[in-house]
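**Q** I would like to see how this sequence folds:
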Amino acid sequence: MFKRNTPLRVAVLMCIPMILSIFWTQKAHADKIEFGDGNVLYGTVTSLADGILVFSNNFSKEVKIPVADIHSLTTDHPVNIKLTNDSILTGPLVTMPDGAIGVKLDLIGTAIAIEWDQVKTINEPPGQWTGNLAIGGTLQTGNTERSSFSLHGETKREWEHDRFALRILYNYAEVDSSITSRNTYGSIKFDHFFTENFYNLLSVELLKDEFKDVKLRAIISLGAGYRVWNDAIKTLDLEAGVAYFSEDLEVGRDDQFISGRIAGNFTYKVLANLLFKDHALYYPSFDDFKEYTARNEASLSSVLGRGWTFKLSHIIDYDSSPALGIEKTDQQWIFALQYDF
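**A** Residues are numbered from 1 along each chain as shown. This next block holds a predicted model:
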């Protein structure tokens, strides 16, 4: 009996080292995650979105793990991490000595710690639309009848070398049944990166504001930009170029002209749940640099959770040579509830 089964037993014994070799090789070249009540998995970090990490291996289906349950995480390969301020970090994930999650950056050769609430996505599929929608308003009755409404929307999409952004802002206000403010601003912008930091740009801006005598102002710009910062705390893009203005006024004289264009886009993470943004535009006249138009949009956003944010915005519009009877400076304060997607 023993002799008859000997070849089978020999075959099984020969397979055991091969199986163990495959198993341990996979562990040696795999991502490792510890979560929950002492659970440990080896495999691959697939993705992360909305606070849920997707982890997969060859022996089970994909496992979805809330980031709050993760104790440690190490990847054998670089991952693409998109932060809440839309900056991108690339590198292997590591567990820091204090237990925090970190990412090892090749440029500096060391790992930096990140908080899970700073991470928007991991390995986000290319070409995904992201953005936000903010709605604000006021209502007052009694001795004074006052109401206002604002709507702000922004969406963008990024590819390997290209970036597209669309923005729109609408404001309306009335006091005692008389309209005191009504304006619409929109912009479309396309960037093409020919190096990691340098890019070309094409932008179109449209403005309609009856209280500034602007029936329609169209600005078409060409230029170049440079990405100065793009990390977990701050981002900064600086741009320069030329712009074509076409102004159709309600009462004043219509005009078309060429000007320069200087712009800056800055974000700074003040606290873990507090983000400051500033978008500045400056259009100096080539004929006389004392004549210019400018726009600055600054905002402070406080994260409420589950995609919701409270947002305070301050917008300044300046025209050094406005139409007769129009003030040079317009300012708006907007309190809004924003949803990020």
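
**Q** What pLDDT is listed against residue 331?
**A** The per-residue pLDDT reported for residue 331 equals 91.

**Q** shouldn't it be in contact with residue 298?
**A** No - judged on C-beta atoms under 8 Å, residue 331 makes no contact with residue 298 at a distance of 11.1 Å. Any C-beta I mention is one placed from the backbone N, CA and C, and that applies to glycine too.

**Q** What are the buried residues along stretch 79-96?
**A** Buried residues in stretch 79-96, defined by neighbour count with 16 or more other C-beta atoms under 10 Å: 79, 81-85, 87, 89, 91-95.

**Q** Output these in TSV; the columns should cover secondary structure and distance to residue 227.
**A** Formatted as TSV, the buried residues of stretch 79-96 follow (DSSP: H, G, I helix; E, B strand; the rest coil; distance: C-beta to C-beta, whole Å):
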residue	secondary structure	distance to residue 227
79	strand	21
81	strand	17
82	strand	15
83	strand	15
84	coil	18
85	coil	13
87	coil	10
89	strand	14
91	strand	18
92	coil	23
93	strand	24
94	strand	26
95	strand	30
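
**Q** Taking these, tell me the two that lie furthest apart.
**A** Spatially, the most separated pair among the buried residues of stretch 79-96 is 85 and 95, at 23.5 Å (C-beta to C-beta).

**Q** about what we covered before: more neighbours: which of residue 331 and residue 298?
**A** Using other C-beta atoms under 10 Å as the criterion, residue 331 and residue 298 rank with residue 298 on top: 15 against 11.

**Q** In a strand, that one, correct?
**A** Yes - Residue 298 forms part of a strand when assessed by DSSP: H, G, I helix; E, B strand; the rest coil.

**Q** ok, residue 169 - how many residues close by?
**A** Look at residue 169: counted by other C-beta under 10 Å, it has 21 neighbours.

**Q** so which strand or helix has it?
**A** strand 162-175 (DSSP states H and E).

**Q** helices or strands up against that strand?
**A** Helices and strands touching strand 162-175, by 3 or more C-beta pairs under 8 Å, 6 or more residues apart in numbering; DSSP states H and E, are strand 146-158, strand 178-193.

**Q** residues of the helix or strand that the longest one is followed by that come out buried?
**A** Think strand 178-193. Once the chain leaves strand 178-193, the next helix or strand it forms, by DSSP H and E, is strand 198-209. Neighbour-count burial for strand 198-209 flags 199, 201, 203, 205, 207-209 (criterion: 16+ other C-beta under 10 Å).

**Q** and whichever helix or strand comes after strand 198-209, which strands flank it?
**A** Downstream of strand 198-209, the first helix or strand assigned by DSSP H and E is strand 214-230. Paired strands of strand 214-230, with direction, are strand 198-209 (antiparallel), strand 234-249 (antiparallel) (DSSP bridges).

**Q** Please tabulate those strands in TSV and include mean pLDDT as additional columns.
**A** Shown next, in TSV, are the strands paired with strand 214-230 (pLDDT from 0 to 100):
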stretch	mean pLDDT
strand 198-209	97
strand 234-249	95
